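Colleague: What follows is a predicted protein model with its sequence.
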Amino acid sequence: FREVGCDGAAVGKVEHGRRLSLVHGEETGVLFDFEKDIITGCRPKK
């Protein structure tokens, strides 16, 4: 990826659940709730 200018890094961990949360210090917020949010054109499983 670096050869084309696209870098990445591990920034978290995978936990049980269907939400993608961000943590910054003591603050936590839900970025995506895969039970109801549609991203990349994929619908949540029912």
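Modeller: Sure, I can see it. Numbers count the residues shown, from 1 in each chain.

Colleague: For the chain, which residues score under the pLDDT cut-off?
Modeller: Segments of the chain classed as low confidence (criterion: pLDDT under 70) are 42-46.

Colleague: now the strands: where do they sit in it?
Modeller: Per DSSP state E, the chain has strands spanning 19-24, 27-33. These are given in chain order.

Colleague: Now render these as TSV, adding distance to Gly12.
Modeller: From N, CA and C alone the C-beta is placed, and that goes for glycine too. Shown next, in TSV, are the strands of the chain (distance: least, Cβ to Cβ, whole Å):
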stretch	distance to Gly12
strand 19-24	7
strand 27-33	11
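
Colleague: Looking at those strands, which is nearest to Val11?
Modeller: Set against Val11 and scored by Cβ to Cβ, those come closest in strand 19-24, at 9.0 Å.

Colleague: relative to strand 27-33, how tilted is the closest one?
Modeller: Calculated by axes from the mean of the first three to the mean of the last three Cα atoms, to 10 degrees, strand 19-24 forms an angle of 150 degrees with strand 27-33.

Colleague: Pull up the pairing partners for strand 19-24, direction included.
Modeller: strand 27-33 (antiparallel) (DSSP bridges).

Colleague: Now the strand it pairs with - C-alpha only, PDB.
Modeller: The C-alpha atoms that make up strand 27-33 are tabulated as PDB, following Å, rounded to 0.1, in the frame of the first residue of the first chain:
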ATOM      1  CA  GLU A  27     -15.000   9.800  25.100                       C
ATOM      2  CA  THR A  28     -16.700   7.000  23.100                       C
ATOM      3  CA  GLY A  29     -19.100   7.300  20.200                       C
ATOM      4  CA  VAL A  30     -20.800   5.000  17.800                       C
ATOM      5  CA  LEU A  31     -19.700   5.600  14.200                       C
ATOM      6  CA  PHE A  32     -21.800   2.900  12.600                       C
ATOM      7  CA  ASP A  33     -24.600   0.700  14.000                       C
END
